[in-house]
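Trainee: Here is the input, now give the coordinates:
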Amino acid sequence: MTVSNFPKPFEKFEIQAYYKKPKDIREMKKTHVSFTGSPQKHPYDPNRVVLIADPYSTNTTYYEFVKDDITYVEEQPSLVNLEGDSILMAKVWVKKRSIAVRSSAFIVDDTVGG
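Mentor: Numbering: from 1, shown residues only. Coordinates of the predicted model:
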């Protein structure tokens, strides 16, 4: 029996390289922190990047960074869902001590059962 909705091969997306690859990632870990997710354009500020940590999850975290605080971007394997749709994933290296925003969606409800 053939499973028709199994993840299919996807077209490779290239990350537009604005940043020079560091000589030694180990040295970069002293001055930067890496975050992995799906990079997206910010909805209204072209100087910011939104990174969706787990784009296919129903409970995910979103990060927002200033572009100038990002030093290097590494392409990661893309995620493919059961319908065959793929999402670009990347590891983003951000300067330590930068100001960023972390948010997560939640449902507003009483915390006491009842």
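Trainee: Going by C-alpha atoms from here, please, whenever you check contacts or count neighbours.
Mentor: Fine.
Trainee: At which residues are the helices of this protein located?
Mentor: Remark: helices of the chain, listed N- to C-terminal, are 25-28; assignment by DSSP state H.
Trainee: Least confident secondary structure element in it?
Mentor: Taking mean pLDDT, DSSP states H and E as the measure, the helices and strands of the chain show their lowest mean at helix 25-28, namely a mean of 84.
Trainee: Just give me how far that one sits from the chain centre.
Mentor: The chain centre lies 20 Å from the centre of helix 25-28; the measure is Cα atoms, centre = their mean, to the nearest Å.
Trainee: for the residue nearest to the spatial centre of the chain, what are its contacts?
Mentor: Nearest to the mean C-alpha position of the chain, counting by Cα atoms, centre = their mean, stands Gly37 at 1.9 Å. For Gly37, the residues meeting the contact criterion (Cα atoms under 8 Å, 6 or more residues apart in numbering) are 51-55, 89-91.
Trainee: Just list what the least confident helix or strand of the chain packs against, helices and strands only.
Mentor: Taking 3 or more Cα pairs under 8 Å, 6 or more residues apart in numbering; DSSP states H and E as contact, there are no helices or strands that helix 25-28 lies on.
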